[in-house]
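Enquirer: Okay, here's the prediction I keep looking at, along with the sequence it came from:
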Amino acid sequence: MRILVANDDGYLAPGLLALAQVCREFADVDVVAPEQNASGTSNALSLHRPLSAWKASNGVQVVNGTPSDCVHVALTGLLDARPDLIVSGINNGANLGDDTLYSGTVAAATEGYLFGVPAIAFSLVGHGWQHLEAATAAARRLLADVIQRPPAAAPWLLNVNIPSRADAASLPIQVTRLGRRHASEPVVRQFSPRGDPIYWIGAQGDVREAGVGTDFHATANGCISVTPLQIDLTHHAATPEWTRWVAGAAAASPSGG
């Protein structure tokens, strides 16, 4: 078995190195990660400049691009063998609810999923790598289960959030749905040394939907959240209404009657 490990915190991140070490207990491992912290880059690909790859002293293959770049380059040119599983993380901070749309950690896993490879994104709820060892043990537990009892419907994509607790490895696992946040806070306006206005993206909004069954609720109540994700953004429930709307618009137009 072969596992590809990636992340968005960069090739020196403790969470990446810990996750890679765990994966080596199960398989041959390739580690490909960004040169710089690429948090919040979502699924961006670098289309307007060439990418470089080099091997760091810690054994990680480093790409000067986004998390999606790392996995894309790995799968389409860098690696000599296709992985059976892609894991991303362990991220320094949660990726819950709407945050998954912006997450580079989730994006790295998603890129693998788009290529037909099962993928898991791991995140540690809370910043500062507190209880990383326990979170790594929790990831080991989930990886062992997935490898020993692989789901039949491959490929699949999982978003896993592990509470930052000393007992994380023994916490129950709950299958969840994504919760929701309010919109983020307004941008912070400052001025450059030349007097030009500059803007910092505002802080995350407060949680809006965190009821039973959501990833927010699970992690807040001492559970490891496992959310199966998909790529289809189609609003299927709204399709009939929009179909009627288009038909009505056509009938009301001069050429429609």
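Expert: Yep, it's here.

Enquirer: tally of neighbours for A108?
Expert: Per other Cβ atoms under 10 Å, the neighbour tally for A108 reads 36. Just so you know, the C-beta spots here come from the backbone N, C-alpha and C atoms, and that holds for glycine as well.

Enquirer: Just confirm it contacts D69, I think it does.
Expert: No - here A108 does not reach D69: they are 9.3 Å apart, not a contact under Cβ atoms under 8 Å.

Enquirer: shaky segments in the chain?
Expert: Within the chain, the set of residues satisfying pLDDT under 70 comprises 255-257.

Enquirer: where along it do the strands fall?
Expert: 2-6, 28-34, 53-55, 61-63, 85-92, 119-125, 157-163, 173-175, 180-181, 188-191, 197-200, 207-209, 224-228 (DSSP state E).

Enquirer: Export the ones you listed to JSON lines and append columns for mean neighbour count and distance to A20.
Expert: Putting these into JSON lines (neighbours: other Cβ atoms under 10 Å; distance: least, Cβ to Cβ, whole Å) gives the following:
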{"stretch": "strand 2-6", "mean neighbour count": "26", "distance to A20": "5"}
{"stretch": "strand 28-34", "mean neighbour count": "23", "distance to A20": "5"}
{"stretch": "strand 53-55", "mean neighbour count": "13", "distance to A20": "14"}
{"stretch": "strand 61-63", "mean neighbour count": "22", "distance to A20": "11"}
{"stretch": "strand 85-92", "mean neighbour count": "29", "distance to A20": "9"}
{"stretch": "strand 119-125", "mean neighbour count": "28", "distance to A20": "12"}
{"stretch": "strand 157-163", "mean neighbour count": "26", "distance to A20": "16"}
{"stretch": "strand 173-175", "mean neighbour count": "16", "distance to A20": "22"}
{"stretch": "strand 180-181", "mean neighbour count": "16", "distance to A20": "31"}
{"stretch": "strand 188-191", "mean neighbour count": "10", "distance to A20": "36"}
{"stretch": "strand 197-200", "mean neighbour count": "10", "distance to A20": "32"}
{"stretch": "strand 207-209", "mean neighbour count": "15", "distance to A20": "32"}
{"stretch": "strand 224-228", "mean neighbour count": "22", "distance to A20": "20"}
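
Enquirer: Which residues does the nearest residue to G128 once chain neighbours are set aside form beta bridges with?
Expert: Spatial nearest neighbour of G128, chain neighbours left out: N92 (7.4 Å); criterion: Cβ to Cβ, 6 or more residues apart in numbering. Under the criterion DSSP bridges, N92 forms beta bridges with L124.

Enquirer: which ones are touching the nearest residue to A74 once chain neighbours are set aside?
Expert: Using Cβ to Cβ, 6+ apart and skipping residues adjacent in sequence, the residue nearest A74 is V32, 4.4 Å away. Going by Cβ atoms under 8 Å, 6 or more residues apart in numbering, V32 touches 4-6, 53, 60-63, 70-71, 73-74, 78-79.

Enquirer: what's the closest of those to S88?
Expert: Set against S88, the nearest of the contacts of V32 by Cβ to Cβ is A6 (5.0 Å).

Enquirer: Would you mind measuring from that closest one to K55?
Expert: As judged by Cβ to Cβ, to the nearest Å, A6 and K55 stand 15 Å apart.

Enquirer: Over to G77?
Expert: Taking Cβ to Cβ, one finds G77 at 15 Å from K55.

Enquirer: Equivalent analysis for P155, please.
Expert: 28 Å.

Enquirer: again with R194
Expert: 40 Å.

Enquirer: my guess is I224 contacts T176, does it?
Expert: No - contact criterion Cβ under 8 Å: I224 and T176 do not qualify, at 9.6 Å.

Enquirer: residues shared between the contacts of these two?
Expert: A218.

Enquirer: May I ask you to name the longest helix in this protein?
Expert: Counting residues, the longest helix found in the chain (DSSP state H) is helix 132-148.

Enquirer: which of the residues in it are buried?
Expert: 132, 134-143, 146-147 (16 or more other Cβ atoms under 10 Å).
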